Each structure stands twice: as structure tokens, then as C-alpha cells.
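Colleague: A structural model of the following input is requested.
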Amino acid sequence: MENNERITLAVGTRAVCGYLRKAFLMTSSEVDELRRSILDCAASQELTVDAIYEEELDRASDQLVECIGALIGADQPVLIIPSLLHFAGFGNPLEVRRDFQTQGIHVLVAQDSRPRS
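Modeller: From the prediction side, this is the model:
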């Protein structure tokens, strides 16, 4: 799966997309860790990620809009984020998650799916 790969969905499908928002001075290895957390979360739920959308810090929220566009029309849309902080740029992260869930998009938080030590 390539970064920002686009998917086309037919009605009656499950769509699973990841979304992350890069932070200021985030290294490529830190971004890789976030991608891995999304993939690990999906695997723990027996899901396969169709695409991961990555938002650059200095850009508008185009990637989240495209991600949601890819999920719309699926019977079982799932959005996986590394942590709720990735919604912080859009308002209260808990309210943003609630809004997505109200629209039928199931939001998984990778940070919540990690085993506690």
C-alpha cells in the first residue's frame, strides 16, 4: 500500500482507512511508527487497511476530507487514527469522534488497542 493511495468503493463494502496528522519536527521514523500503529490496530481487529491518509502540518485538511470521501458509501466504514490528538486541529477530539460515529463511521483509536504493560 502506497502513501495516500486512493480507493474506489462500491456500495456493500467495508472500507478501512487510516488517518494521521504529522506534527512539527516529526521524524520519518516517528511517522513510520504512527503508520505501524494504524496497521497493528487494524490487524488486532482482523481488518485490512485500504489506505492511510497523511496530513502535512502546514496544509489544509485535504487528506481528512479525501479519507472521509473514501469511506462514504461503504456499508461498514472504519477510520483508524493513532490517537485522538490527530483530531485536535478540528476542535474537541472527543466531539469530532462522536460526529464521525453519528454519521456511521466507526472510529478506532490505535493507542487504545495496544496491550497495557
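Colleague: end to end on stretch 53-63, go ahead and measure it.
Modeller: 6 Å (C-alpha to C-alpha, to the nearest Å).
Colleague: list the buried ones in it?
Modeller: For stretch 53-63, burial by neighbour count (16 or more other C-beta atoms under 10 Å) applies to 53-55, 63. Placement of C-beta: from N, CA and C, glycine included.
Colleague: likewise stretch 61-74?
Modeller: Under the neighbour-count criterion of 16+ other C-beta under 10 Å, stretch 61-74 has 63-64, 66-68, 70-71, 74 buried.
Colleague: tell me which of the residues you listed is nearest to Ser83?
Modeller: Leu64 (14.9 Å; C-beta to C-beta).
Colleague: pretty sure the closest one sits against Ile52.
Modeller: No - the pair Leu64 and Ile52 does not pass the contact test of C-beta atoms under 8 Å, sitting 12.0 Å apart.
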